[in-house]
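A.B. asks: how would this look folded up:
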Amino acid sequence: MAAPELISPRSPRVVAARRLARRNFRVKERRFIAEGPQAVREAVEHRGDGGRPTLIELFATAEAMERYADIVAAARATGARIHPAADEVVAGISQTVTPQGLVGVCGFLDRPFEEIIKARPRLVAVLAHVRDPGNAGTVLRCADAAGADAVVLTDASVDLYNPKTVRASVGSVFHLPVAVGVPVEQAVRGLRAAGSRIVAADGSGERDLDTELDEGVLGRPTVWIFGNEAWGLPEETRALADEVVRVPLHGRAESLNLATAAAVCLYASARAQRAPGGCRSVTSS
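C.D. replies: Coordinates of the predicted model:
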């Protein structure tokens, strides 16, 4: 069997895909890059409005087309354009140091904030002032793992479609509704009206997570607000919350990083919401 003809490095499709490394082009085209077999597999399975496939194009090296033949076949079945490409072409589109041979071009998949409110979610993560794309993607992954109903990125947070954010989510960006560009005041107002209790996670909070669990209040629909990696939440954002809660530090560590604290908080809510009657301390009578 003859080797497939490789797409030219100067092809308009390659040039357009490379441009998606820049936010202004992503916004203009409403497209973003998903790299590696895990992300591409999730993109193949995801559907947008009206069942429209999310994956639009797939660039793949000869080795990747052989190794991940099932993914390539599934992508082709959705109608995505498959472009066999030389290693250097895929590397030029990819944003990783060691690309895995598959790079997908996907359509935007964020959802309107009003749609999230209408669903009356029980667990939501709001990323306010989160600027690091790796942290944003990791929190999104934690929210997905904890069974959250949605994630909201405020207008002061990093771009959802930053390649580092997409990579750090390890496919979770395709799993749950995400709203973007929502002012934090609007997010709080809308989610509170939908029946949620608003909890800001901050290391200087007056209440701690153990108390929240002991009192069973985390069994209610809850929105967690997570702040900036370096300076936490500004006072005006803290003031919007019903409670400001800290993760207790029982050892000698000075603090927890954003993603770790988010994972602890989201799993605490997930546990409480799944426990009959809420979660109580094992030492309570």
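
A.B. asks: So, low pLDDT: which residues of the stretch 1-150 of the chain?
C.D. replies: Segments of the stretch 1-150 of the chain classed as low confidence (criterion: pLDDT under 70) are 1-3.

A.B. asks: can you give me the helices in it?
C.D. replies: With DSSP state H, counting those that start in this stretch, the ranges of helices along the stretch 1-150 of the chain come out as 12-19, 23-29, 36-45, 62-67, 69-78, 87-93, 113-118, 133-145.

A.B. asks: Mind putting these into CSV with mean neighbour count and distance to Arg238?
C.D. replies: Every residue, glycine included, has its C-beta placed from N, CA and C. Listed next are those as CSV, based on neighbours: other C-beta atoms under 10 Å; distance: least, C-beta to C-beta, whole Å:
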stretch, mean neighbour count, distance to Arg238
helix 12-19, 16, 39
helix 23-29, 14, 29
helix 36-45, 22, 35
helix 62-67, 16, 47
helix 69-78, 16, 45
helix 87-93, 18, 42
helix 113-118, 16, 21
helix 133-145, 23, 18
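
A.B. asks: Same list, the ones you listed, but as a markdown table with distance to Ala261 please.
C.D. replies: Listed next are those as a markdown table, based on distance: least, C-beta to C-beta, whole Å:
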| stretch | distance to Ala261 |
| --- | --- |
| helix 12-19 | 36 |
| helix 23-29 | 27 |
| helix 36-45 | 25 |
| helix 62-67 | 37 |
| helix 69-78 | 34 |
| helix 87-93 | 34 |
| helix 113-118 | 23 |
| helix 133-145 | 9 |
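
A.B. asks: out of those, which comes closest to Val245?
C.D. replies: Across the helices of the stretch 1-150 of the chain, the minimum distance to Val245, taken as C-beta to C-beta, is reached by helix 133-145, at 16.2 Å.

A.B. asks: Return the list of helices and strands in contact with the closest one.
C.D. replies: With contacts defined as 3 or more C-beta pairs under 8 Å, 6 or more residues apart in numbering; DSSP states H and E, the packing partners of helix 133-145 are strand 123-127, strand 150-154, helix 163-169, helix 258-274.

A.B. asks: Name the surrounding residues that touch the second one.
C.D. replies: Which is strand 150-154. With C-beta atoms under 8 Å, 6 or more residues apart in numbering as the contact definition, strand 150-154 has outside contacts at 111, 113, 116, 119, 121, 124-130, 136, 139-140, 143, 160, 176-184, 187, 191.

A.B. asks: repeat for the first one
C.D. replies: Strand 123-127 is touched from outside by 116, 136, 139-140, 142-143, 146-154, 157, 184, 187-188, 191, 196, 221-226, 262, 266, 269-270, 273, with contacts defined as C-beta under 8 Å, 6+ apart.

A.B. asks: relative to strand 150-154, how tilted is that strand?
C.D. replies: Angle, strand 123-127 to strand 150-154, by axes from the mean of the first three to the mean of the last three C-alpha atoms, to 10 degrees: 20 degrees.

A.B. asks: quick one on the thing from earlier: quick one: closest of the helices of the stretch 1-150 of the chain to Leu55.
C.D. replies: helix 36-45 (4.3 Å).

A.B. asks: neighbouring contacts of the closest one?
C.D. replies: When contacts are taken as C-beta under 8 Å, 6+ apart, the neighbours of helix 36-45 outside the stretch itself are 34, 53-55, 58, 64, 68, 71, 74-75, 78, 80, 96, 99-100, 102-104, 106, 166-167, 170-171, 173-175.

A.B. asks: Now restrict those to buried residues only.
C.D. replies: With burial judged by 16 or more other C-beta atoms under 10 Å, the buried subset of the contacts of helix 36-45 is 34, 53-55, 58, 64, 68, 71, 74-75, 78, 80, 99-100, 102-104, 106, 166-167, 170-171, 173-175.

A.B. asks: tell me the domain boundaries of this protein?
C.D. replies: As assigned by automatic domain parsing, the chain contains the domains 12-107, 113-274.

A.B. asks: Output these as CSV; include the columns distance to Leu6.
C.D. replies: Formatted as CSV, the entries for the domains of the chain read as follows, by distance: least, C-beta to C-beta, whole Å:
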stretch, distance to Leu6
domain 12-107, 5
domain 113-274, 23
